[in-house]
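Enquirer: sequence first, predicted coordinates after that:
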Amino acid sequence: SSSFFFFFVFVVVVEVMTTSSALRKVLQPLDLGFTSLRNRVLMGSMHTGLESGLMLPSGLREMAAFMEARARGGVGLIVTGGIAPNREGRVSPFASKLTYKWEAARHRVVTDAVHQHDTKICMQILHSGRYAYHPFAVAPSKIKSPISMFTPKALSGREVEETINDYVRCAELARYGGYDGVEVMGSEGYLINQFIVSRTNKRTDEWGGGYKNRIRFPVEIVRRMRQHMGEDFIIIFRISMLDLVENGSSWEEIVTLAKEIEKAGATLLNTGIGWHEARVPTIATLVPRGAFSWVTERMKKEVDIPLIAVNRINTPDIAERIIAEGHADMVSMARPLLADPDFVNKMANGVDDEINTCIGCNQACLDHTFKGQRASCLVNPLAGYELKHKDLLTPSSSPRSVAVVGAGPAGLAASVTAAKKGHNVTLFDSSDRIGGQFNMAKTIPGKEEFNETLRYFSKQLSLHEVNVELNTFVSSDMLLERNFDDVVVATGVVPRDIKLKGSDTTEKVQVLSYIDVLKNNAKVGKKVAVIGAGGIGFDVADFLTHGQKETSLDVNAFMDEWGVDVEYSHRGGLTDAHHEQSPREVFLLQRKTSKMGKGLGKTTGWIHHSTLKHRGVNFITGVEYNKVDDNGLHITVKEEEKVLEVDTVVICAGQSSLKTLADELEEKMTVHLIGGAHVAAELDAKQAIKEGTLLAEKL
């Protein structure tokens, strides 16, 4: 019968999907000798801020909930955020350390939660050295870091020995706390890295001088740790394979260190890319996927212990390619597991298109970390708050009929979350596609990953049977007629009109909004003034000055642009950078007198500023906009009048909330205002998705 035929086809399709998933090498177990991992996915260390909950009444319960979600989601091995082996090693005054048994005992809530799901967990031991944000910082030598305000004290020979013992003691306490092992953080420019490289180690004793002496510190840590802990304890050493700083390690030196670490007893070798002070992007969204796996592949020829590849591995295909092509034995994914804790299970079940992909934006994770805030995720605002919002997706006992007006990030998040709770959701938008202002963001070179978020939401709308009505202008009468229980207004923003004098009368200079440029493909001239230097202004300037090379999609082009030596013939892996020249002359203008780009992301702003600077963009602050006429844009800077002889002016000077619909409905029915329609501060997708997601608690 036809029903039997369709059932047969369904079974065959499911079996093929399951079989193809099972064949993925990244999902195969990894034998470590004394133990094994269920797959080759490691959740890399992240400073979430949850590790610092030790002194709170709730202890590490929030950290446990966070880690358990990823273990339940299928990860083979988890590494915690960095925990210091002594007080001096803490990243900040109240950062986590492990020096007492009672502290270790409080970690058992974390390790017990993870072990329920056949996942192993290691604690990262991190001594910040001169990167410490406190006055008790120590280092091999008294040399201040460019990213810290404190000059470190140089460790004495006795203090070096004590620090090694602290690492070993910390590993012992980690085992007492239930951890399967530790990761020794030897990269990213922290203390161990500072000993290894001559630029930060000017010692003349047995811990400095020649390379053999400089690597004695990490080798002794691993050797003594293995000797003390025995053979049945995982020791991961994170080695800086590419320093990306001047006078960093040479490739030959790194190979020497790797072999010595292997000989000392390490179980796994994890890859570290770039010091924190390096001026090369390593994990931002403009870095190509899997861009640095070539370094790990190169090391794989030199050592026998398993190697872990890192950085911008955010899809199953990239993870699989790295393992299948022999670049590494495991892949480390940190932020992708913030974005979707069920990443591995979805990959195993062959539903890759249901993965909420990390877009590498850093806005809610690393930017939060470096501002002393709890790490979360722009595309998954529940990350880091699993305990607080544990009941968010519990099906509603009284499903409601919900209208969501606006299919931008806020509206999409609200629709999907409400539908997951069992509400009957209809999503409206006047456009012919979902995404709102994300459709403009994804056109910016280096922001191609934003397509993944729209793909994810599109799939979720279908999975959870949201009724999507596009090309639909929604009126208050229409919503009242259809008798919805709740209306969510997520109508977004419109560009703010700065009323530039002459913009309607000039014939030779065209005046455009950022929407004209990014959405409507307006023709832009060769000499452009961009008014407004917030995130949108920088994006528009990037868009207009971008050349022919797709550096965010081409690994070799990216390395060439940023001066990364793929032949590794120079120390630190650095060589001459070759930045593209802009096809236009661009002036980026700002009314404020503060530093240009001050409001950009804490960990990515410097990248945008550097990119535009290399392309010859003219930055001008403290600008008053007088008028525009056929001669160009008339401005005043420091009481001096100037004329910028441009043929195009693009206005990126803020937004206004579009909330007319909400105002009309306010007295007549239950209305929820979210996203840009609520607050029009820049184009804040982080806040928009968070508001849309958390709205479900109120329905």
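Expert: Sure thing, it's come through.
Enquirer: and the helix or strand harbouring residue 109, what's buried?
Expert: Using DSSP states H and E, residue 109 sits in helix 108-115. For helix 108-115, a neighbour-count test (16 or more other C-beta atoms under 10 Å) marks 108-111, 113-115 as buried. Heads up, the C-betas are built off the backbone N, CA and C, glycines and all.
Enquirer: immediately after that helix, which helix or strand?
Expert: Next element after helix 108-115 (DSSP H and E): strand 120-125.
Enquirer: touching that following strand from outside, list them.
Expert: 35, 37, 45, 67, 71, 76-85, 98, 107, 110-111, 114-115, 167, 170-171, 174, 177, 179-185, 234, 236, 238 (C-beta atoms under 8 Å, 6 or more residues apart in numbering).
Enquirer: switch to 7 Å and redo it
Expert: Outside strand 120-125, the residues that touch it by C-beta atoms under 7 Å, 6 or more residues apart in numbering are 37, 45, 67, 77-83, 85, 111, 114, 167, 170-171, 174, 179-185, 234, 236.
Enquirer: likewise stretch 692-699?
Expert: 381-382, 392, 400, 402, 410-414, 417-418, 421, 423, 486, 488, 490, 672, 674-675.
Enquirer: so residue 163: helix, strand or coil?
Expert: helix (DSSP: H, G, I helix; E, B strand; the rest coil).
Enquirer: how close does it sit to residue 96?
Expert: 17 Å (C-beta to C-beta, to the nearest Å).
Enquirer: between the two, which has more neighbouring residues?
Expert: Ranked by neighbour count (other C-beta atoms under 10 Å), residue 163 and residue 96 place residue 96 first, with 26 against 21.
Enquirer: next one: phi and psi at the more buried one?
Expert: Here is the backbone geometry of residue 96 (degrees, to the nearest 10): phi -70, psi 140.
Enquirer: next up, the contacts around the closest residue to it other than its chain neighbours.
Expert: Leaving aside its chain neighbours, residue 96 sits nearest to residue 51 (4.0 Å; criterion: C-beta to C-beta, 6 or more residues apart in numbering). Residue 51 sits next to 63, 80-81, 83, 96 when contact means C-beta under 7 Å, 6+ apart.
Enquirer: what's the closest of the residues you listed to residue 536?
Expert: Each of these was scored against residue 536 by C-beta to C-beta, and residue 81 proved nearest at 32.8 Å.
Enquirer: relative to strand 120-125, how tilted is the helix holding residue 109?
Expert: Here helix 108-115 runs at an angle of 140 degrees relative to strand 120-125 (axes from the mean of the first three to the mean of the last three C-alpha atoms, to 10 degrees).
Enquirer: other residues contacting helix 108-115?
Expert: Residues contacting helix 108-115 (C-beta under 7 Å, 6+ apart): 59-61, 63-64, 67-68, 71, 78, 121, 177-179.
Enquirer: what's the average pLDDT for it?
Expert: Across helix 108-115, the average pLDDT comes to 98.
Enquirer: start the count at 10, not 1, going forward
Expert: Taking 10 as the first residue, the last one we looked at is helix 117-124.
Enquirer: what's the offset of it from the middle of its chain?
Expert: 26 Å (C-alpha atoms, centre = their mean, to the nearest Å).
Enquirer: for the stretch 560-708 of the chain, what spans make up the strands?
Expert: 594-598, 627-629, 632-638, 641-646, 649-653, 657-660, 664-666, 680-682 (DSSP state E, counting those that start in this stretch).
Enquirer: which of the ones you listed sits most buried?
Expert: Of the strands of the stretch 560-708 of the chain, the one with the most neighbours on average (mean count of other C-beta atoms under 10 Å) is strand 657-660, at a mean of 26.
Enquirer: so is residue 207 in a helix, a strand, or just coil?
Expert: When classified by three-state DSSP, residue 207 comes out as coil.
Enquirer: wait, what's in contact with the nearest residue to it once chain neighbours are set aside?
Expert: Sequence neighbours aside, residue 256 is the residue nearest to residue 207 in space, at 6.4 Å (criterion: C-beta to C-beta, 6+ apart). Residues in contact with residue 256 (C-beta under 7 Å, 6+ apart) are 206-208, 580-581.
Enquirer: so what pLDDT did residue 678 get?
Expert: On the pLDDT scale, residue 678 gets 86.
Enquirer: ok, it touching residue 496?
Expert: Yes. Under the contact definition of C-beta atoms under 7 Å, residue 678 touches residue 496, with a separation of 6.1 Å.
Enquirer: okay, these two: which has more neighbours?
Expert: Counted by other C-beta under 10 Å, residue 678 and residue 496 do not tie: residue 496 has more neighbours, with 25 against 15.
Enquirer: on the three-state scheme, that one is what?
Expert: Under the three-state scheme (three-state DSSP), residue 496 adopts strand.
Enquirer: in the sheet, who's paired with it?
Expert: With beta bridges defined as DSSP bridges, residue 496 has these partners: residue 412, residue 680.
Enquirer: in a strand, the residue nearest to residue 105, correct?
Expert: No. Counting by three-state DSSP, residue 60 falls outside a strand, being helix.
Enquirer: and the helices in the stretch 410-559 of the chain?
Expert: Using DSSP state H, counting those that start in this stretch, the helices of the stretch 410-559 of the chain run over residues 418-429, 447-450, 459-472, 485-490, 523-527, 544-554.
Enquirer: among the ones you listed, show me which one is buried the most.
Expert: Most buried among these, counting by mean count of other C-beta under 10 Å: helix 418-429, with a mean of 28.
Enquirer: I'd like the mean pLDDT over it, please.
Expert: According to the model, helix 418-429 has a mean pLDDT of 97.
Enquirer: please apply the same query to stretch 92-106.
Expert: Rounded mean pLDDT across stretch 92-106 is 95.
Enquirer: roughly how far is it from the heart of the chain?
Expert: 23 Å.
Enquirer: same question for stretch 698-708.
Expert: The answer for stretch 698-708 is 22 Å, by C-alpha atoms, centre = their mean.
Enquirer: that older thread, with respect to residue 621, which of the contacts of residue 256 is nearest?
Expert: For these, the nearest to residue 621 is residue 581 (24.9 Å; C-beta to C-beta).
Enquirer: residue contacts, that closest one?
Expert: Contacts of residue 581 by C-beta under 7 Å, 6+ apart are 252-258.
Enquirer: again, but for residue 355
Expert: 361, 363-364.
Enquirer: now, which of the residues you listed lie within helices?
Expert: When DSSP state H is applied, the contacts of residue 355 are split such that none fall in helices.
Enquirer: just the buried residues of those.
Expert: 363-364.
Enquirer: which one among the contacts of residue 355 gets closest to residue 277?
Expert: residue 364 (25.3 Å).
Enquirer: about what we covered before: wait, which of the contacts of residue 60 is closest to residue 477?
Expert: residue 72 (38.0 Å).
Enquirer: gap between the residue nearest to the closest one when sequence neighbours are not counted and residue 284?
Expert: Nearest non-adjacent residue to residue 72, counting by C-beta to C-beta, 6+ apart: residue 59, 3.9 Å away. Relative to residue 284, residue 59 is positioned 25 Å away (C-beta to C-beta).
Enquirer: per-residue confidence at residue 27?
Expert: Looking at residue 27, the pLDDT reads 47.
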